[in-house]
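need a 3D model of the sequence below.
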Amino acid sequence: KVVLDAATNAITQSGIVSATDLLLNSAGAVTLTGDNRVGSLAAGSVAGLNFTNAQTLVVGSIDGSDGITSSAAVTLTADDITLDQAITAAGQALTLQTRSAATAINVGLATEAADDFDLEASELAQLTDGFSSITIGNSEAGTIAVAAATFADKLELVSGAGGINISGALSTGSNDLILDTTGAVTQSAAISAAGLGIVNASEVTLSNTLNDVTTLAADNLTGDLTFVDANTLVIGSVNPTGISCTAGSTCAVDISTLSGDLSVNEDIIASSVVLNAGDATAAGTASGGNITVAEGKSITATSALLYTGSIAGSTNVAALIDAGSGNFRYNGDETTVYSGAAALADIGSYAIYREQPILAVTPGTATSQYGDSPDVAAVTGSYSGYVNGDTQVHAAISGTATFSTDATATSDAGNYNIAYVDGLLSAIGYGFA
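Residues are numbered from 1 along each chain as shown. All right, here's what the predicted structure looks like:
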């Protein structure tokens, strides 16, 4: 057993500490980052701890001192850690990371896996609430596998090319979740967090319909991003800010809410973008969720499709797409196929609204002699009620209008109404009345 007590002074090393037990009674900043070989570690009162172990490290009890208590950041590095006692560092950062490259990390498992860095569900309970952040892993770590786990602090999961797989419900409550990996991010269970930040990933597939995140951001992506949220979602700032792909990468971004608004409060940069607010709501229903775009924010992509709800509720969408461009479609959703004059080009930005705007058909005039049945077959109409700067050319109106009148062969001389009945179609989705 080794006991170190430096009062408020720092503890450093130039050699290796080898001991069954290492007790840090009290000290200032402790930096012991050599190839130490310690069985069990406890720290009664230190002002920061950075400790590396060349074997499995147990945070335990030594001479009545339980676990680790620190007034500054704590970093523990080993290829496996067993938390038999609590780690407490109120308002400070905690990092638990692997020593050897490509070591797999398992979070929230019921039992340990051989040769992996394991944090069982019971060990996560030893992380005292109140850290400024908890980081698990580093840029050289292997695959991070997350079973069901709940954290009360901001969580950062960091791995190399092995990626991150979430197989059990992962929650950080009212705190942010950062996923930093050069590999793929996948899930088979839901994520719940205030903010979700994704960094460096080669591909992101987070399409669980129970995901519940307030704000989403991603940076330095080298592959596609797919994300589904159960309700309202903001593209905003979670450190990173907005959504961007690495220059030169082929990166398709597809983000949807099942219900509720999808708010673009920061820029999106990708090779292609699909946004869908209210994916669970069918075409023809204006409610269910709208895309809104904050003033001055943009979507930069070769192609962009924005599926939204109501025309009035989709703030700044028309300006983003460019009012008067003709790149608007109505009474549609992600399942609608537009063809002919309404076909969507492979390049360009389009807004597709579930709402169907109605064009008012104003008929021309018809005359008849008393005793003759009025003939309205030759009557033509004009149209009003276009939105988003559309024109009759954009609306791609086809068909022959049918009109009716309440005048008959025996009607007295006078003026009578002519009303539109049916017969007209708009390729981009307008209705007629």
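
what does the model give the residue lying closest to Thr285 once chain neighbours are set aside for pLDDT?
Excluding the flanking residues, the one nearest Thr285 by Cβ to Cβ, 6 or more residues apart in numbering is Arg354, at 5.5 Å. To be clear about C-beta, it is placed using only N, CA and C from the backbone, and glycine gets the same treatment. Looking at Arg354, its pLDDT reads 98.

contact partners for Arg354?
Contacts here follow Cβ atoms under 8 Å, 6 or more residues apart in numbering; on that basis Arg354 touches 278, 281-286, 288, 307-310, 331-333.

can I have the buried ones of those as a PyMOL selection?
Buried subset of those, written as a PyMOL selection, criterion 16 or more other Cβ atoms under 10 Å:
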select buried, resi 278+281+283+286+288+307+308+309+310+331+332+333
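
what about the contacts of Arg354, which are in strands?
With strands taken from DSSP state E, the overlap with the contacts of Arg354 comprises Tyr307, Thr308.

ok, now how distant is the residue nearest to Thr285 from His394?
19 Å (Cβ to Cβ, to the nearest Å).

same thing with Tyr383?
The value you get for Tyr383 to His394, if Cβ to Cβ is used, is 11 Å.

what are the phi and psi values for Gly260?
phi 100, psi 160 (degrees, to the nearest 10).

burial measure for it, as a count.
Neighbourhood size, Gly260 [other Cβ atoms under 10 Å]: 17.

surely it meets Asn276?
No - Gly260 lies out of contact with Asn276 (Cβ atoms under 8 Å); the separation is 11.5 Å.

next, the distance between the ends of stretch 62-79.
22 Å (Cα to Cα, to the nearest Å).

now that stretch, how far from the chain's geometric center?
35 Å (Cα atoms, centre = their mean, to the nearest Å).

list the buried residues of that stretch.
Here stretch 62-79 shows 62, 65, 67-70, 72-79 as buried, counting by 16+ other Cβ under 10 Å.

which residues in the stretch 201-350 of the chain form helices?
317-321 (DSSP state H, counting those that start in this stretch).

residue boundaries of the strands in it?
Applying DSSP state E, counting those that start in this stretch to the stretch 201-350 of the chain gives strands spanning 203-206, 212-221, 225-229, 233-235, 243-245, 252-257, 262-264, 268-269, 272-277, 291-293, 299-300, 303-308, 328-329, 348-353.

what's the closest of the ones you listed to Asn175?
strand 212-221 (10.8 Å; Cβ to Cβ).

who touches the closest one?
177, 190-201, 204, 225, 227, 229-246, 249, 251, 255, 266, 270.

and if you look at stretch 238-246?
176, 178, 195-199, 215-222, 225, 235-236, 251, 253, 255, 266-271.

of those residues, buried ones?
By 16+ other Cβ under 10 Å, those give 176, 178, 195-199, 215-221, 225, 235-236, 251, 253, 255, 266-271 as buried.

ranges for the helices of the stretch 1-150 of the chain?
Going by DSSP H, counting those that start in this stretch, the stretch 1-150 of the chain shows helices at 121-124.
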